[in-house]
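K.L.:
build me a model from this:
(one chain, ligands or ions: 2)
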Amino acid sequence: MLVIGIAGGTGSGKTTVVHQIMSELPETEVGIISQDSYYKQNDHLSFEERALINFDHPRAIDFELLTQHIKQLKEGKNINQPVYSFVHHNRTDDYVLTHPRKVMIVEGILILTNPELRNLFDIKIYVHADSDERLIRRLKRDIAERGRDMNEVLSRYQNTLKPMHEQFIEPTKAYADIIIPNDTYNTVAIDIVRTVINEKIS
Ligand SMILES: Nc1ncnc2c1ncn2[C@@H]1O[C@H](COP(=O)(O)OP(=O)(O)O)[C@@H](O)[C@H]1O
Ligand SMILES: Nc1ccn([C@@H]2O[C@H](COP(=O)(O)O)[C@@H](O)[C@H]2O)c(=O)n1
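P.N.:
Numbering: from 1, shown residues only. Ligands and ions are numbered 1, 2, ... in the order given. A predicted model of the protein is given here:
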């Protein structure tokens with residue numbers, strides 16, 4: 001199994017890059033694990049308390065479960081990938097049965113911050129986009145898809161997103177084997193990654 005880690009700030013285009021990479025690869029050969037599925041379960045907190053969580057700090061992620069799941073996939077075992085709700089700020093009761101594939105792509109803002117998880121990646125990719133571009137994309141996406149309003153996104157950006165990006169996420173660029181500039185759609189970089197994957201799975 002080839003395990004590819006794709007990191008980068010929020011709105012940099014990680015999910016888009018993953019879908020572009022997968023679009024011309026055989027569906028049965030490639031699987032996705034999203035770090036967002038591994039936000040910690042916070043049933044003991046009220047909605048208002050959960051909304052105050054700093055979701056851009058590594059402590060918000062259940063790295064133990066994420067690492068364990070990648071190891072199980074590498075051993076050829078199925079996993080139950082949790083399903084997260086951005087509307088409720090909590091894990092749902094649902095799971096997605098995820099089978100091991102020849103190529104597993106793990107994507108998320110903080111995946112390169114955890115040494116044990118980082119060591120499980122055969123290829124580490126960092127998707128880069130300028131911060132103003134990321135904020136604009138995030139604003140549009142969170143209002144359209146994640147049940148947020150402009151004030152919520154902007155205050156989260158000022159209070160946690162920007163400082164956490166600078167402290168934890170941007171520095172992990174140093175671990176990347178490949179950096180994809182993604183201020184505009186980067187078809188050349190996507191083709192290169194696809195070629196590398198095709199070589200491994202052929
Ligand atoms: N290169 C790009 N140019 C313009 N918009 C983009 C680009 N890449 C992604 N987007 C858009 O930006 C938003 C955030 O992208 P997404 O892939 O969800 O980012 P991430 O997973 O890194 O948070 C989405 O609405 C997506 O369509
Ligand atoms: N309840 C939550 C949990 C996380 N977030 C934000 O999601 C971002 C990570 O997801 P991307 O798809 O953008 O990489 C992260 O910046 C968290 O702030 C949230 O808004 N609500």
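K.L.:
how about the contacts made by residue 74?
P.N.:
1, 3, 100, 120 (Cβ atoms under 8 Å, 6 or more residues apart in numbering). For every residue, glycine as well, the C-beta is placed using N, CA and C.
K.L.:
pick out the most distant pair among the residues you listed.
P.N.:
Greatest spatial distance in these: 100 and 120, 13.2 Å, computed using Cβ to Cβ.
K.L.:
more neighbours, those two?
P.N.:
Taking residue 100 and residue 120 together and counting by other Cβ atoms under 10 Å, residue 120 has the greater number of neighbours (18 against 15).
K.L.:
touching, that one and residue 67? I think so.
P.N.:
Yes: with the criterion set as Cβ atoms under 8 Å, residue 120 and residue 67 qualify as a contacting pair; they are 6.9 Å apart.
K.L.:
sorry, back to before: just the contacts of residue 74: which are in helices?
P.N.:
With helices taken from DSSP state H, there is no overlap with those.
K.L.:
just these: which are in strands?
P.N.:
Of the positions in those, residue 3 sit in strands, assigned by DSSP state E.
K.L.:
pick out whichever of the contacts of residue 74 sits closest to residue 107.
P.N.:
Checking the contacts of residue 74 against residue 107 with Cβ to Cβ, the nearest one is residue 3 at 11.6 Å.
K.L.:
residues in contact with the closest one?
P.N.:
By Cβ under 8 Å, 6+ apart, the residues touching residue 3 are 70, 74, 103, 104, 106, 120, 121, 122, 123.
K.L.:
let's go with 10 Å and repeat that
P.N.:
Contacts for residue 3 were tallied using Cβ atoms under 10 Å, 6 or more residues apart in numbering; they are 33, 70, 73-74, 103-106, 117, 120-124.
K.L.:
swap in residue 93?
P.N.:
Taking Cβ under 10 Å, 6+ apart as the test, what residue 93 contacts is 82, 83.
K.L.:
all strands for the protein, in order.
P.N.:
Remark: strands assigned in the chain by DSSP E are 2-7, 30-34, 79-85, 90-98, 103-107, 123-128, 178-181.
K.L.:
on that earlier part again, which residues do residue 100 and residue 120 both contact?
P.N.:
Going by Cβ under 10 Å, 6+ apart, residues that sit against residue 100 and also against residue 120 are 73, 74.
K.L.:
can you give me the helices in this structure?
P.N.:
Assignment of helices within the chain using DSSP H yields the ranges 14-23, 47-51, 63-74, 115-118, 131-145, 150-156, 162-164, 187-201.
K.L.:
among the ones you listed, which is nearest residue 29?
P.N.:
Taking Cβ to Cβ as the criterion, helix 187-201 is the member of these that comes nearest to residue 29, at 5.4 Å.
K.L.:
contact partners of the closest one?
P.N.:
Residues contacting helix 187-201 (Cβ under 10 Å, 6+ apart): 1-2, 4, 6, 16-26, 29-30, 101-103, 105, 122-123, 125, 127, 177-182, 186.
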